[in-house]
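Novice: Got a sequence here, can you build the structure:
(one chain, ligands or ions: 2)
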Amino acid sequence: MTDRPAVTVRVPAKVNVQLAVGGARPDGFHDLANVFLAVGLYDEVTATPADALRITATGPDTDRVPLDRTNLAARAAELLAARHGIAPDVHLHIAKDIPVAGGMAGGSADAAGALVACDALWGTGATREELLAICAELGSDVPFSLVGGAALGRGRGELLTPLEVGGTFHWVFAVADGGLSTPAVYAEFDRLTEGVSVPAPEASPALLDALRTGDPTALAPALANDLQPAALSLRPSLAATLTAGTTAGALAALVSGSGPTTAFLAKDADTAASVADALLTSGTCRAARVAAGPVPGATVV
Ligand SMILES: C[C@@](CO)(OP(=O)(O)O)[C@H](O)COP(=O)(O)OP(=O)(O)OC[C@H]1O[C@@H](n2ccc(N)nc2=O)[C@H](O)[C@@H]1O
Ligand SMILES: Nc1ncnc2c1ncn2[C@@H]1O[C@H](COP(=O)(O)OP(=O)(O)O)[C@@H](O)[C@H]1O
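Specialist: Ligands and ions are numbered 1, 2, ... in the order given. Prediction:
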């Protein structure tokens, strides 16, 4: 154990403003055109010197977060330590605010946060390229949690091209009871598209233009999630949440990634606040959170 000071890293959630899904690949993954936007809901990962690897977590629903070595933050610490030939001795505390298993990449955020925090604590001096390679090994969404902002993810989502965004978009996120398993949602996508020829996934030019100009009224009709029918099939009650948000004045509504969190684009911050109130009153969700994006990725605080 050393007397190095603790390092805290703040990492944002994401919403997929477009999630175009291709057919299943031989390795079981799906090729994507995944347009990520980082939004201002955050987990914080604090790395403190310790005699062994230990994970703790506080926040809503942390009873559903594994505290053993299957936690993505623990796996991140182990991968970084192994590459540098050191023991992964660290206490990682996760202050969770991103919904668990909610389609907002909370576990990926914790993995990226743990990587940056351990690199700083241990002085391993990993390059950006090395960090991105470890992120891709940990999960398809983890590289984006590291970089934040907005990006197009190709391949299984890990091959990122940063995107220009010309303004701030205001969102409401309706948190559902319980989570949805990402593999189960992709499997339901496969079931629903069986016998159908699934086109190669492509980013929508209209959507990329709307991001560039920062215009929410242009972004709204371009929002698209190919996993939404699968998420709704597994969780039909989400349809009522989507309707409650658009009735309350959201420009558009969609399932966030694999769900079950639903995302509502508002024209401004005031509208987002009133849509959040209406969603809560509707009784169709457990919590409603407002957040804006884009925001930066994993950042030492
Ligand atoms: C759907 C998305 C949209 O951004 O995120 P969530 O909404 O779950 O946060 C991602 O594709 C989830 O990424 P992530 O959660 O990192 O997935 P991984 O750990 O890499 O893979 C978990 C499982 O999801 C499926 N999977 C994931 C990515 C991909 N391109 N094709 C897939 O089929 C596979 O069944 C895989 O075994
Ligand atoms: N640090 C972590 N935080 C949350 N979940 C984690 C973490 N590490 C592993 N998991 C597991 O990953 C699953 C997916 O969690 P999460 O990343 O929050 O959702 P999603 O993939 O929908 O964005 C959880 O159900 C949990 O079993």
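
Novice: pLDDT at residue 3, what is it?
Specialist: At residue 3, the pLDDT value in this model is 71.

Novice: Could you find the closest non-adjacent residue to it?
Specialist: residue 49 (7.2 Å; C-beta to C-beta, 6 or more residues apart in numbering). C-beta here means a position set from N, CA and C on the backbone, and glycine is covered the same way.

Novice: any idea how far that neighbour lies from ligand 1?
Specialist: Per C-beta to the nearest ligand atom, to the nearest Å, residue 49 is found 29 Å from ligand 1.

Novice: go on, residue 215?
Specialist: 24 Å.

Novice: OK, contacts around residue 74?
Specialist: Residue 74 makes contact with 53, 55, 68, 88, 92, 114, according to C-beta atoms under 8 Å, 6 or more residues apart in numbering.

Novice: ok but the fifth one is inside a strand, no?
Specialist: Going back to what we said before, that points to residue 92. Yes. Looking at residue 92 with DSSP: H, G, I helix; E, B strand; the rest coil, it is inside a strand.

Novice: picking up where we left off before, what's the farthest-apart pair in the contacts of residue 74?
Specialist: Farthest-apart pair in those is 68 and 114; separation 14.3 Å (C-beta to C-beta).

Novice: Contacts only, for the residue nearest the centre of the chain.
Specialist: By C-alpha atoms, centre = their mean, the chain has its centre lying nearest to residue 105, at 2.6 Å. In this structure, residue 105 makes contact with 13-14, 98, 141, 144-145, 257, judged by C-beta under 8 Å, 6+ apart.

Novice: Can you name the residue of the stretch 201-301 of the chain nearest to ligand 2?
Specialist: The nearest approach of the stretch 201-301 of the chain to ligand 2 comes at residue 258, 5.3 Å away (C-beta to the nearest ligand atom).

Novice: what does the stretch 101-250 of the chain give?
Specialist: residue 107 (2.7 Å).

Novice: So that residue sits against residue 139, correct?
Specialist: Yes. Residue 107 is within contact range of residue 139, at 7.3 Å (criterion: C-beta atoms under 8 Å).

Novice: These two: who's more crowded?
Specialist: The neighbour comparison of residue 107 against residue 139 (other C-beta atoms under 10 Å) goes to residue 107, with 26 against 22.

Novice: Identify each buried residue in the biggest strand by length in the chain, please.
Specialist: Counting residues, the longest strand in the chain under DSSP state E turns out to be strand 30-49. By 16 or more other C-beta atoms under 10 Å, the buried positions in strand 30-49 come out as 30-48.

Novice: Stretch 117-131 too?
Specialist: In stretch 117-131, the ones that count as buried by 16+ other C-beta under 10 Å are 117-122, 124, 126, 130-131.

Novice: how about residue 287, what does it touch?
Specialist: Per C-beta under 8 Å, 6+ apart, neighbours of residue 287: 60, 174-175, 280.
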